[in-house]
Every structure is written in structure tokens, then in C-alpha cells.
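Chemist: fold the following.
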Amino acid sequence: MLLDGGRPKADPDELSRLIEKAGMEVGNRGAEVGVVVGGDGLFSAFGRSEDIPLFFVGVKSRGATGSKAFMAAAYFDELPSALQALAEKRFMVEQHGRLEVLKNGSYMGEVFTDLYLQRGAESNCIRYRIKVSSGDSVFEEAAIGDGMVVTTSAGSTGYYSYPDRENGKDMNVDAYSVVKNDEIGICHITPTYTERLGTGAHPFRYTIPWESRVELWISRKADARLYGATWDRKGTKIGTRDRITIAPSKKTTKVVILKT
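Modeler: Numbering: from 1, shown residues only. Purely as a prediction, here's the structure:
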């Protein structure tokens with residue numbers, strides 16, 4: 001059982017009883033499947049750190065800005081029948097690519113869904129640059145804004161898709177843009193200005209090939225933080241001398257999908 005250590009969205013004892021009632025055992029060692037109960041944020045966190053197949057059980061938030069658990073294979077009110085399907089091996093396991101993140105050449109962590117740079121509470125817009133290398137293709141961008149998102153296909157329903165939800169007079173919380181399994185998505189967060197150097201183009205959101213390498217740094221001192229590669233909810237502070245590198249990892253995330 002994989003729950004939020006601070007504010008679990010399910011009672012551990014109740015979850016344990018449901019799992020055992022379905023004919024399975026609960027333990028910390030040698031587990032065949034990890035049952036993750038929560039929202040997309042918790043799915044993302046365990047998805048970047050666990051090697052066993054993960055079964056995502058969603059608990060939808062009632063709040064407009066709360067988690068919608070887009071990645072859930074089942075929701076908590078469906079749990080008894082979903083656990084029965086697990087016990088009867090009526091499921092398949094999908095492999096999802098992860099991204100590896102380095103800070104100044106040192107390993108920071110893995111990304112299952114998305115990594116994002118964002119201005120902190122003590123900063124207005126931040127000035128930053130990115131360099132994308134993919135085979136013989138290399139380009140660099142300069143930007144001013146709230147930051148940027150680098151996402152995998154699993155994270156396309158998250159921060160990367162904020163423009164879809166804000167499009168029009170009413171917010172559509174279910175709208176999102178698809179990033180394919182062989183792509184990495186890049187999206188600038190409410191940019192004031194962007195420029196792809198040497199082209200005159202002003203990019204906003206786009207995809208690049210999965211095998212690409214992304215380098216990221218801030219070009220002026222600011223309160224800038226990186227989220228998504230560690231368990232620290234306050235993020236990792238980034239200075240002007242720091243260089244962040246994002247590239248495909250050798251590790252993958254195994255996601256359990258129930259058979260219909």
C-alpha cells in the first residue's frame with residue numbers, strides 16, 4: 001500500500017481489509033503490485049520512485065482546483081471489484097518512459113509525469129533559457145514568464161495542459177493536449193515573451209522527440225524553483241550558476257491497467 005504519509009486519502013486499515021478480502025496479502029517486501037491511493041500528484045511521486053507495477057486508485061477532489069486523478073485505473077468507490085480483478089490476474093502492465101534530471105552534472109532524480117521550473121513567492125517573472133539537442137538538431141530559446149514545464153506522455157493531463165483548461169470564458173477542467181509516448185512536451189508558463197534564437201519565432205507549447213536532451217538555466221537572479229524530481233514540496237532552488245539537464249532515463253514506470 002502506497003499512501004500519502006502526511007494526509008492519506010484512504011484509511012490504511014480499511015484499505016488493508018479490502019485487499020485481504022479480495023484474497024491478496026499486504027506486505028512491505030516482495031510485493032508484486034503497489035496500490036497507490038490518491039490523486040495525480042501522488043501517482044507522479046510514486047511513479048518516479050517505485051520499480052514494481054503500480055495500480056493507481058483515484059480519489060477525486062471536490063474542489064475546482066483539486067486533483068482529478070486522470071491517471072487512475074479505478075476510483076475508490078470501485079475498489080472492491082478492481083481488487084478482485086487484480087487477484088484474478090485480469091490486468092496488463094504498461095511500460096512508461098521516465099526522464100532523468102541532473103543539476104550541474106549530479107543526479108537529482110527521475111520524472112514519471114512532469115518537471116517544472118516556476119517562480120517563487122519572492123519573485124515576479126523569471127528570465128530563463130533552454131537548449132534542446134536532438135540528433136543533429138539544436139536550438140536555444142530565451143523566455144520571460146512564470147517558468148516552464150517539461151512533460152512525458154503520462155504528464156500531459158497536468159500542468160502542460162493549462163492553456164486548454166483556460167481557453168474560453170469557462171474553465172474546462174477535463175481538457176488536455178496529448179503528448180505521444182515517443183515525445184517530450186515543453187510548455188512555457190504564462191510567458192510575457194519567448195524567442196527561439198536566430199529564427200524570430202515565439203514558441204509557447206510544442207513537442208520534441210523522446211531521445212532529446214533539454215538544458216535549462218535562469219539568466220537573471222530570481223527566486224526560481226524546480227519541482228517534480230524530488231519529494232521536497234518546496235522545490236529545489238535554482239541559481240544563475242546552476243544548469244539543469246533533462247534526458248530519457250534507462251528506468252521505466254510500470255503501470256497496471258485493468259482488462260475490460
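
Chemist: which residue ranges of the stretch 51-200 of the chain form helices?
Modeler: 79-87, 162-166 (DSSP state H, counting those that start in this stretch).

Chemist: nearest the geometric middle of this structure, what residue?
Modeler: Centroid-nearest residue in the chain, with CA atoms, centre = their mean: Thr113, separated by 2.3 Å.

Chemist: test my guess that it contacts Ser44.
Modeler: Yes. Contact criterion CB atoms under 8 Å: Thr113 and Ser44 qualify, at 4.1 Å. To be clear about C-beta, it is placed using only N, CA and C from the backbone, and glycine gets the same treatment.

Chemist: OK, contacts around the residue nearest to the centre of the chain?
Modeler: Asp40, Phe43, Ser44, Gly47, Arg48, Met71, Thr151, Thr152, Ala154, Gly155, Gly158, Gly228 (CB atoms under 8 Å, 6 or more residues apart in numbering).

Chemist: point out where the stretch 101-250 of the chain drops to low pLDDT.
Modeler: Applying pLDDT under 70 to the stretch 101-250 of the chain flags residues 167-169.

Chemist: residue ranges of the strands in it, please?
Modeler: Taking DSSP state E, counting those that start in this stretch, the strands of the stretch 101-250 of the chain run over residues 106-111, 114-119, 126-134, 137-145, 147-151, 183-189, 193-196, 205-209, 213-218, 224-227, 236-238, 244-258.

Chemist: what residue spans form the domains of the chain?
Modeler: With domains defined by automatic domain parsing, the chain comprises 12-89, 98-250.

Chemist: anything in contact with each of Thr113 and Ser44?
Modeler: With CB under 8 Å, 6+ apart, Thr113 and Ser44 have common neighbours Ala154, Gly155, Gly158, Gly228.

Chemist: any idea what Val36 is bridged to?
Modeler: Note on Val36: beta-bridge partners by DSSP bridges are Leu2, Phe56.

Chemist: could you count how many residues lie near it?
Modeler: Neighbour count for Val36, taken as other CB atoms under 10 Å: 26.

Chemist: surely Val149 and Tyr159 touch.
Modeler: Yes. Contact criterion CB under 8 Å: Val149 and Tyr159 qualify, at 4.7 Å.

Chemist: what do the two both touch?
Modeler: With CB under 8 Å, 6+ apart as the test, Val149 and Tyr159 both reach Asp114, Tyr116, Cys187, Ile189.

Chemist: and the third one, how far from Gly30?
Modeler: Remark: distance between Cys187 and Gly30 (CB to CB, to the nearest Å) = 40 Å.

Chemist: ok, those two, which is more surrounded?
Modeler: Cys187 (25 against 7).

Chemist: neighbours around the closest residue to that one other than its chain neighbours, how many?
Modeler: In space, and not counting its chain neighbours, Cys187 is closest to Arg205: 4.1 Å by CB to CB, 6 or more residues apart in numbering. A total of 17 residues lie near Arg205 under the criterion other CB under 10 Å.

Chemist: equivalent analysis for Tyr206, please.
Modeler: 13.

Chemist: for the nearest residue to it once chain neighbours are set aside, list each beta-bridge partner.
Modeler: Spatially, and ignoring its direct neighbours in sequence, Tyr206 is nearest to Ile186 (5.9 Å; CB to CB, 6+ apart). According to DSSP bridges, the residues that bridge with Ile186 are Val150, Tyr206.

Chemist: I figured Pro191 hits Pro163, correct?
Modeler: No. If you go by CB under 8 Å, Pro191 and Pro163 don't touch, sitting 10.9 Å apart.

Chemist: identify the contacts common to the two.
Modeler: In contact with both Pro191 and Pro163: Phe204, using CB under 8 Å, 6+ apart.

Chemist: beta-bridge partners for the closest residue in space to Leu216 that isn't next to it in sequence, please?
Modeler: In this structure, Leu216 finds its nearest non-sequential neighbour in Ile244, 4.3 Å apart by CB to CB, 6+ apart. Ile244 forms beta bridges with Lys103, Leu216, as assigned by DSSP bridges.
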